[in-house]
Structure formats: C-alpha cells, structure tokens
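Participant: generate coordinates for the sequence data below:
(one chain, ligands or ions: 1)
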Amino acid sequence: MIYLDHSATTPTDPRVVEAMLPYWTEVFGNPSSAHKIGKAAEKALEDARAAIARVLNCYPAGPAEIIFTSGGTESDNLALRGVAYAQRARGRGQHIITTSVEHHAVLDTAKALAEEGFDVAFLPVDQYGQVSAAQVQAALRQDTILVSVMYANNEVGTINPIAEIGALLKSKRIPFHVDAVQAPGLLPLDVKALNVDLMSLSAHKFYGPKGIGLLYVRRAVPMKPQMLGGQQQAHRRAGTEPIPLIMGLAKALELAEAERAAAVERLTPLRDHLIRRVLDTVPEAALTGHPTERLAGHTSFAMRGLNGDSLLLDLNEVGIAASGGSACTTGQQEPSHVFLAMGIDQDRLMGQVRFVLGKHSTSDDVDKLIYHLAALAERHRAMVPEIS
Ligand code: PLP
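Facilitator: Take a look at the predicted model:
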C-alpha cells in the first residue's frame, strides 16, 4: 500500500520504539512509588519532561507546564473544560471564542459547554479555512475567558496566524488555547514565540505511539482538572503515568523538531508537485485550503460532481490509502463541517479527498497516485454523465 494519510496517523518511528523498550520491562516502576524502582520511573518522567520542554520552550521541572494525556482529544477536552470551569468559578465570565473549522474534539466540547450555559462564538473562516487576528479582536468581549484556535487544519491543511492572534490575546490577558495536533515536525512549537497559553499535541501524529498526548499549560493559567482520582501530575490529571508511552512521545517530539527543517524543505516541493499533477489530470478537481499557508505535505481537493468516498474506496482497492476529511468521520454521507464553513460549492461538497505525504513518501508514490486517480476519475465521470 502507498500511505497518503499522514494527517490521520503516522507509523511509529523505529528509533521511538527503541527508546520505549527499556520502560516496559526494566524501568517498569510506578513513578509515584517511594522505592528505588518507582524513583527510577520518576527520573525517566522528569527526563522526558525536560526533553519536551526544550522543544516547547517551556518550564521543565515537575508537572508545572506539561500535562500528559491520552492524546489530542483528551488534551482538547481538558483545555476547554479545564479553563472554562476554572474561569467561571472565579467569576471571570462565560464567553468563549473558537472557530467553525476546529477538530470535533474542540468543536463538540465547545458545543457541550454552550449547552451548560457558556456563551460560545464559532468564528467563520475565509474561503481557505483561515481566521484572522482582526476577526478574533472583533469578537472579544469584557467577559471573554478563553480563545481556542487550531494551528493547522487537519482536513485542508491551512495554517492560522497563531503568533499574531496570541500577541493580541496576551495584551488582553485572555488565555489562548491552540490545537497543534497537526503541527509537530512541520511547524515551530515554541510556545513563547507563538504567544500561546495552552497547546494540545498527540504523539501518533508525529511518528510516536498512539494513546499518549500532552497539554502544555502556562503556569499562570487557571485549570480545573477533569480526571479525578489521584494526585499525579500535581492533581491536574489523575492516573498512573504511562512511562513507556511518555518516553516515546518525548523521543518522537525531539526527532520531529530536529528533522523539521529538512522535512519541510523536502515535502513542500513534493506537495506542490502533487497539487499541480492532480489539477492537471483531473478536470473536476479544485484545491481546497490555502495555496501557500498550508502544511508541507498536505494536499486536499474538492471534486466537482464526484463522490470522494467512492473514489477513495477504489483507490484503496488499487493500493492507495487516503481519506476524505478527518479519519473519524470517514464513511459518513454528510459534507464536512470544514467544507461547509469554507463555503465550498454545493456540487463539490461530497467530492472531498485528501492526500497527505509523510517522511517516507516519494515522487514515485505521487506518480502512482496520479496514474490511478486519472483512470478512476474517468470511470466515475462516466457514471455521472450530467457533470461531464
Ligand atoms: N485535533 C486535530 C487537529 C486532529 O487532527 C486530531 C486527530 O485527528 C485530534 C485533535 C484528535 O487527536 P487524537 O486522535 O490523538 O485524539
């Protein structure tokens, strides 16, 4: 199979697997235990935090700013609920701002908070799926307690002006959460340069293991824990820390950052080549997302009159693994909320496909994709003669 679905997940890097190995059987202790076996695990945990803090440019010691979670979904839930409840308890207000193109982990949590009485604004986006700092500024109120904007969109690859939005919010002292799940290895993660207060990451999106993520939380940000039942992570996320997974996350993040510049340099021209070839070969195809402000390696299209899901099923049959929108919504017969928010034409709404390159992708993979896509689009076109 040719794997072109790196926004859905990535294979775990063998160097990451190797870094995890001692922590299953040798350094297996519970970091909360007082004995030497526990202490060895606690030391590993601290080492992992220090390595992560170097990439994020945050405070390393103890669980002060890095909360380990089960992945991006939990980090997003914790960021929104944790801050919203803490701010409400302090009487700071109930107004939350987010965007209409967030991943469902943010979107559904924001909707649930709205049902609980929070006042949530879902900002519209432009034709590329981007929000601007000016839009955020215009939406701010005296009682705004949290803003959440994704770094890069998983469906269309568009990058938002996070540092600019962050600078605005910093001047107003409003906590700023960024879902950066799609960013590692492709975009800078320095939380100070980005002016972010909270940031969600998920290891399986950057060649780390599944089931582990983190939420960066700047020390001054009020946060109410959402997982109760233990004193781990300074009471902010109960549960025994999964040391092997945490070691894997730390190693994967170090590698992602160390290899980022080279990855971007290699993937950007390959991405642009893929885009050109698709647009040249398939007349129904239109690029979705921003033409330049997009993740290196991320391509996405809306096929006029064609059904994206059936195209993808046929691509799967010839050995190409790709998806439409987010992996979690594939197979649904409804247009993506991202496409709807971007105002994609009605006759393209069901034609969503996404080809996302990763570190093992080659121009040979692109050639094979184009070869099959051209043939399949022709076959599908013949099945809907009214559009040709
Ligand atoms: N946020 C974004 C932007 C994502 O792309 C994803 C995964 O698709 C998530 C959050 C959820 O992450 P996880 O699968 O680790 O729960």
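
Participant: which bits of the chain sit near the ligand?
Facilitator: Neighbours of the ligand within the chain, by Cβ under 6 Å from any ligand atom: 71-73, 76, 103, 105, 150, 154, 179, 181-182, 202, 213, 326-327. All C-beta atoms are positioned from the backbone trio N, CA, C, and that covers glycine.

Participant: contacts for stretch 129-141?
Facilitator: 93, 95, 97, 99, 101, 121, 123-126, 147, 149, 153, 155-156, 158-161, 164-165, 167-169, 172, 174, 288-290, 293, 338, 341-342 (Cβ atoms under 8 Å, 6 or more residues apart in numbering).

Participant: low-scoring stretches of this protein, by residue?
Facilitator: When residues are selected by pLDDT under 70, those of the chain lie in 62-63, 326-332, 385-388.

Participant: can you tell me the residue of the stretch 201-350 of the chain closest to the ligand?
Facilitator: The stretch 201-350 of the chain approaches the ligand most closely through Ser202 (3.2 Å), counting by Cβ to the nearest ligand atom.

Participant: that residue: what's it in contact with?
Facilitator: Ser202 sits next to Gly71, Gly72, Thr73, Ser75, Val181, Ile212, Gly213 when contact means Cβ under 8 Å, 6+ apart.

Participant: residues contacting the residue of the chain found nearest the ligand?
Facilitator: Nearest to the ligand in the chain, going by Cβ to the nearest ligand atom, is Gly72, at a distance of 2.4 Å. Residues in contact with Gly72, defined by Cβ under 8 Å, 6+ apart, are His103, Ala105, Asp179, Val181, Ser200, Leu201, Ser202, Lys205, Gly213.

Participant: same thing but 6 Å
Facilitator: Neighbouring residues of Gly72 by Cβ atoms under 6 Å, 6 or more residues apart in numbering: Val181, Ser200, Ser202, Gly213.

Participant: show the buried residues in these.
Facilitator: For these, a neighbour count by 16 or more other Cβ atoms under 10 Å gives the buried set as Val181, Ser200, Ser202, Gly213.

Participant: between those, which is closest to Thr25?
Facilitator: The nearest member of these to Thr25, counting by Cβ to Cβ, is Gly213 at 24.2 Å.

Participant: for that closest one, phi and psi?
Facilitator: When read as degrees, to the nearest 10, the backbone of Gly213 gives phi -150, psi -170.

Participant: same question, the one 4 residues further on
Facilitator: Taking degrees, to the nearest 10, you get phi -130, psi 120 for the backbone angles of Val217.

Participant: contacts only, for the most centrally placed residue in the chain.
Facilitator: Central residue of the chain (Cα atoms, centre = their mean): Val181, 2.4 Å from the mean position. Val181 makes contact with Gly72, Ser200, Ser202, Lys205 under the criterion Cβ under 6 Å, 6+ apart.

Participant: look up how far Lys359 lies from the closest residue to Ser75 other than its chain neighbours.
Facilitator: Nearest non-adjacent residue to Ser75, counting by Cβ to Cβ, 6 or more residues apart in numbering: Ser200, 3.5 Å away. Note on Ser200: its distance to Lys359, by Cβ to Cβ, to the nearest Å, is 22 Å.

Participant: out of the buried ones among the contacts of Gly72, which are inside strands?
Facilitator: Ser200, Ser202, Gly213 (DSSP state E).

Participant: mind checking how far the second one is from Asn160?
Facilitator: Put plainly, it is Ser202. For Ser202, the distance to Asn160 - Cβ to Cβ - is 18 Å.

Participant: all strands of this protein, in order?
Facilitator: 2-3, 66-69, 95-99, 119-123, 144-148, 176-179, 198-202, 213-217, 285-287, 298-303, 320-321, 352-356.

Participant: out of everything not next to it in sequence, what's closest to Pro184?
Facilitator: Nearest residue to Pro184, sequence neighbours excluded (Cβ to Cβ, 6+ apart): Phe206, at 3.9 Å.

Participant: and if you look at Tyr85?
Facilitator: Among residues not flanking Tyr85 along the chain, Lys224 sits closest, at 4.2 Å (Cβ to Cβ, 6+ apart).

Participant: what about the residue nearest to Val366 when sequence neighbours are not counted, how many neighbours?
Facilitator: Setting aside the residues directly before and after it, Val366 is nearest to Leu274 in space (Cβ to Cβ, 6+ apart), at 4.9 Å. As a burial measure, Leu274 scores 25 neighbours (other Cβ atoms under 10 Å).

Participant: Leu274 against Thr299, yeah?
Facilitator: Yes: judged on Cβ atoms under 6 Å, Leu274 makes contact with Thr299 at a distance of 5.1 Å.

Participant: buried sites along stretch 42-57?
Facilitator: Glu42, Ala44, Leu45, Ala48, Arg49, Ala51, Ile52, Ala53, Val55, Leu56.

Participant: Asn30 is in contact with the third one, correct?
Facilitator: In this case it means Leu45. No: Leu45 lies out of contact with Asn30 (Cβ under 6 Å); the separation is 10.5 Å.

Participant: distance of the residue of the chain closest to the ligand from Lys210?
Facilitator: Separation of Gly72 from Lys210 (Cβ to Cβ): 11 Å.

Participant: helices along the stretch 101-250 of the chain, start to end?
Facilitator: If DSSP state H, counting those that start in this stretch is used as the criterion, the helices of the stretch 101-250 of the chain fall at 104-115, 133-139, 162-172, 191-194, 243-258.
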